[in-house]
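> Quick one, structure for this:
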Amino acid sequence: MKYDIGVSGAVIVSAHNGYKPFIGSVLVNGEHIAEILAGRIEKDFCTEWINGEGKILMPGLVNGHCHGDMTLARGLGDDMTLFEQNKKFTDTNWFYTLIHDEDRYYARQLTYCEALLSGTTFIMENMYWGLGRKSVDAMDETGIRGALAEDVRVDFSKPDELLSDDFLSEYVKQCRKKQKIPVLGSVSEEDYDTGRLKRIEKIAEEKDVYITCHLAENTWRQDLVKQKYQTTAVNYLYQNDLLGKNMIGSHVVYVSEAEIKQLAKTDTKVVNTPLCEMKIQDGVAPIPQMIHAGVTVCLGTDGAMWNNSNDIFREMKGMYLLHSLTSGTRSLKKTDILDMATINGAKCFGLEKEYGTIEVGKKADFILIETRTPHMQPLLIGEQETVTSAIVFNATGSDVTDVFVDGTQVVKNRCLLTMDVTNVMNRVQMAAEKIARALSS
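Numbers count the residues shown, from 1 in each chain. Here you go, the predicted structure:
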């Protein structure tokens, strides 16, 4: 039997065997991994033979929380907390009055290009403002897998004016047609109202979609819930049966031990963005306690306003170092970090049976990382392996050479095959300059 694609002699790293690296070859037919063999393979095994020698082969990374709209404002939120940014950018509705939908379309595409080129093969877009079916097109054209979180509100300032049933039905239809996961973006703590949240939950149930929200992200939002309901955000949701396996909470910084148990009991998923939390002074989430309690935690970057980078490798290192400092050197293991970036990300969206590990029968979503560079050497395999260390502490997105999504190569030798990246960058540059001129006037 001849296979479509064969990657020969790479260092394979995956959760399915406890991240024990080994030299092996991955064979692909169609969209799926057809076989995994120890050692190298000959060129006549497959139609397209790829030399994996000197490279790490691992599952594509998952970015569970990103705001692609804000890539055109990269760097404009530096040296400010989220509260300060809210005050500064309210008059333009976070630049919305200064730009066009086309600007935001290309901003999202630049986000997805950056993601793919740095090894992310699945991303969740938390839309600031919907683009209708163009939201699906913007993601689909780049070749990335993903989820699209459409805000349930027509306007941020009018939390009870929700999207129409016809719009949502068409949105869900278009997402699924292009194999994107539809998600409903719920409200943050300042708009908590039990009736309103129950209404949103009912819509999600009727459409059979996930719900996501910014949850327990900072102190000032926590204070709003305490003032109104005399409790905290997570406990409020738990008391009102609003947590659950289809709920994805982003950030989740301020939670007690009891609330962590509530998250675990309800199988509520958590996406944490450690570099963002540090940059805008949100705080330090109790991630080790969540992991030990059995909460599914995955990684996100947030938007470029709050992080600047869309590189999940940086989030992995940041997550480990942050909690080594605040909770102790062994509070998180390297395998915990790798789980967050791969299999936990798949679990977050119910995809763990088809994605997130390098196993026969799963989707051929994987990346190759160059190791023949000074900062990745030496590299050991065996009892004293250092491969997982190199991934978590040494690698960055720029070390990714090749990316496969659903068995299709979308990045080859560090070049994106699906898009004219230069054109996208130029479009976003023009939008950023337009914003800068308006802010300076």
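
> CA atoms for contacts and neighbours, from now on please.
Fine.

> Where does the prediction get shaky in this structure?
Per-residue confidence for the chain (pLDDT under 70) gives no ranges below the cut-off.

> what does the lengthiest helix in the chain contact?
When the chain is parsed with DSSP state H, its longest helix is helix 421-440. Applying CA atoms under 8 Å, 6 or more residues apart in numbering, the external contacts of helix 421-440 come out as 72-73, 95, 98-99, 103, 106-107, 109-110, 113.

> Then stretch 190-209?
By CA under 8 Å, 6+ apart, stretch 190-209 touches 152, 159-160, 169, 172, 182-184, 186-187, 210-211, 221, 224-225, 240, 242, 246.

> mind redoing it with 10 Å?
With CA atoms under 10 Å, 6 or more residues apart in numbering as the test, stretch 190-209 has contacts from 149, 152-153, 156-160, 162, 165, 168-169, 172-173, 181-187, 210-211, 220-225, 228-229, 233, 236-237, 240-243, 246-247.

> most remote residue from the protein's center?
Taking CA atoms, centre = their mean as the measure, the residue most remote from the mean C-alpha position of the chain is Asp44, 37.1 Å away.

> was I right about that one contacting Tyr3?
Yes - using CA atoms under 10 Å, Asp44 is in contact with Tyr3, at 9.1 Å.

> check contacts around the residue nearest to Thr296 when sequence neighbours are not counted.
Leaving aside its sequence neighbours, Thr296 sits nearest to Lys269 (CA to CA, 6 or more residues apart in numbering; 5.3 Å). By CA under 10 Å, 6+ apart, Lys269 lies in contact with 212, 243-250, 252, 263, 295-298, 344-345, 347-349.

> Quick check: Ser118 vs Leu57, distance?
14 Å (CA to CA, to the nearest Å).

> okay, the two: which has more neighbours?
Between Ser118 and Leu57, Leu57 has the larger neighbour count (other CA atoms under 10 Å), namely 30 against 27.

> Then that one would be within a strand, right?
Yes - Leu57 forms part of a strand when assessed by DSSP: H, G, I helix; E, B strand; the rest coil.

> Quick check: bridge partners of it?
Following DSSP bridges, Leu57 is listed with bridge partners Ile12, Leu368.

> which residues touch it?
Leu57 sits in contact with 7, 9-14, 21-26, 358, 366-370, 400, 402-403, where contact means CA under 10 Å, 6+ apart.

> let's see it at 6 Å
Counting by CA atoms under 6 Å, 6 or more residues apart in numbering, Leu57 makes contact with 10-12, 367-368.

> Leu148 now?
124-125, 182-183.

> Surely it forms part of a strand?
Yes - applying three-state DSSP, one finds Leu148 inside a strand.

> Can you show me the helices along the stretch 1-150 of the chain?
82-89, 101-117, 133-140 (DSSP state H, counting those that start in this stretch).

> Could you list the buried residues of the longest one?
Buried positions in helix 101-117, judged by neighbour count with 16 or more other CA atoms under 10 Å: 103-117.

> re the thing from before, could you dump the contacts of helix 421-440 into JSON lines with distance to Asn394 added?
As requested, these are exported to JSON lines (distance: CA to CA, whole Å):
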{"residue": "Leu72", "distance to Asn394": "28"}
{"residue": "Ala73", "distance to Asn394": "28"}
{"residue": "Phe95", "distance to Asn394": "36"}
{"residue": "Leu98", "distance to Asn394": "39"}
{"residue": "Ile99", "distance to Asn394": "38"}
{"residue": "Asp103", "distance to Asn394": "35"}
{"residue": "Tyr106", "distance to Asn394": "31"}
{"residue": "Ala107", "distance to Asn394": "29"}
{"residue": "Gln109", "distance to Asn394": "27"}
{"residue": "Leu110", "distance to Asn394": "25"}
{"residue": "Cys113", "distance to Asn394": "22"}
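
> which two of those residues lie the greatest distance from each other?
Leu98 and Cys113 (23.8 Å; CA to CA).

> So which residue is dead centre in the protein?
What sits nearest the mean C-alpha location of the chain, by CA atoms, centre = their mean, is Asn63, with 1.3 Å.

> Kindly state the beta-bridge partners for that one.
Residues in a beta bridge with Asn63, per DSSP bridges, are Ile123.

> looking at it, it is touching Ile123, isn't it?
Yes - the pair Asn63 / Ile123 is scored as a contact, 4.6 Å apart, by CA atoms under 6 Å.

> Kindly report the domain assignment for the protein.
3-59+360-416, 61-348 (automatic domain parsing).

> now these as a markdown table including distance to Arg427?
Below are the domains of the chain laid out as a markdown table (distance: least, CA to CA, whole Å):
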| stretch | distance to Arg427 |
| --- | --- |
| domain 3-59+360-416 | 17 |
| domain 61-348 | 7 |
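
> for Gln337, helix, strand, or coil?
Small correction: residue 337 is Ile, not Gln. Per three-state DSSP, the local secondary structure of Ile337 is helix.

> Stretch 161-181: which residues count as buried?
162, 168, 171-175, 180-181.

> Including distance to Asp91, could those residues go into a markdown table?
Below are those laid out as a markdown table (distance: CA to CA, whole Å):
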| residue | distance to Asp91 |
| --- | --- |
| Leu162 | 23 |
| Leu168 | 29 |
| Tyr171 | 29 |
| Val172 | 32 |
| Lys173 | 35 |
| Gln174 | 33 |
| Cys175 | 32 |
| Lys180 | 33 |
| Ile181 | 33 |
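
> Which pair in those has the greatest spatial separation?
Greatest spatial distance among these (CA to CA): Leu162 and Lys180, at 22.0 Å.

> just to revisit the earlier point, of the contacts of stretch 190-209, grab the buried ones for ChimeraX.
This is the ChimeraX syntax for the buried subset of those, where burial follows 16+ other CA under 10 Å:
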select :149,152,153,159,160,162,168,172,173,181,182,183,184,185,186,187,210,211,221,222,223,224,225,233,236,237,242,243,246,247
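
> Take the contacts of stretch 190-209 and keep only those in strands.
149, 181-185, 210-211, 247 (DSSP state E).

> partner residues bridging the closest residue to Asn272 other than its chain neighbours?
Leaving aside its sequence neighbours, Asn272 sits nearest to His251 (CA to CA, 6+ apart; 4.5 Å). Beta-bridge pairing of His251, defined through DSSP bridges, involves Leu215.
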